[in-house]
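>>> okay, sequence plus prediction incoming.
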Amino acid sequence: MTGFFRFYPELKGTGAITALEPAEVTAKLTSLMTHALLEGVRATYSLMRFLDFLHDSGRWSGSQESFQTIHGILEDIGSSEVRVIIRHRPIPDHFTKGNAE
């Protein structure tokens, strides 16, 4: 959760954390996943659990439409397949065949 909320806009007023904005959630998760995929995946999972908690406990203070939109976004991300391509350059010989100095 801290990975996500570190990027979420500064909270203003009371109860803002219980009424997230779909556009902001999308923008911040996209940015997080672009720059730190594993953190983005963790944030998505945690945010889904948090959203479910807020809804089930009656603490969600946003509209039903925004809840459904955010929930759908998180489900889409959670069910998508992610491929990671690692590109590397060969390690130069002078790094692998030198002395310890």
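Here it is on my side, so go on.
>>> what helices and strands are in contact with the helix ranked longest in the chain?
Using DSSP state H, we find that the single longest helix of the chain is helix 37-56. Helices and strands touching helix 37-56, by 3 or more C-beta pairs under 8 Å, 6 or more residues apart in numbering; DSSP states H and E, are helix 2-5, helix 22-35, helix 64-79. C-beta: built from backbone N, CA, C; applies to glycine.
>>> to Pro90, which of those lies closest?
helix 22-35 (26.1 Å; C-beta to C-beta).
>>> and Ile17, what pLDDT?
Note on Ile17: pLDDT of 77.
>>> excluding chain neighbours, what is closest to Thr69?
In space, and not counting its chain neighbours, Thr69 is closest to Pro22: 4.2 Å by C-beta to C-beta, 6 or more residues apart in numbering.
>>> I'd say that neighbour and Phe67 touch.
No - the criterion here is C-beta atoms under 8 Å, and Pro22 misses it with Phe67 at 9.1 Å.
>>> quickly list what's touching both of these two.
When C-beta atoms under 8 Å, 6 or more residues apart in numbering defines a contact, no residue borders Pro22 and Phe67 alike.
>>> how much space between Arg89 and Leu37?
Using C-beta to C-beta, to the nearest Å, Arg89 is found at 21 Å from Leu37.
>>> so between these two, which is more surrounded?
Neighbour count, other C-beta atoms under 10 Å: between Arg89 and Leu37, Leu37 has more, with 12 against 5.
>>> pLDDT weak spots in this structure?
For the chain, the stretches with pLDDT under 70 are 1-16, 81-86, 94-101.
>>> find the residue at the geometric middle of it.
Gly40 (3.3 Å; C-alpha atoms, centre = their mean).
>>> tell me the contacts of that residue?
Contacts for Gly40 (C-beta under 8 Å, 6+ apart) come out as Gly3, Leu29, Leu32, Met33, Thr34.
>>> with Thr26 instead?
Contacts of Thr26 by C-beta under 8 Å, 6+ apart are Ile73.
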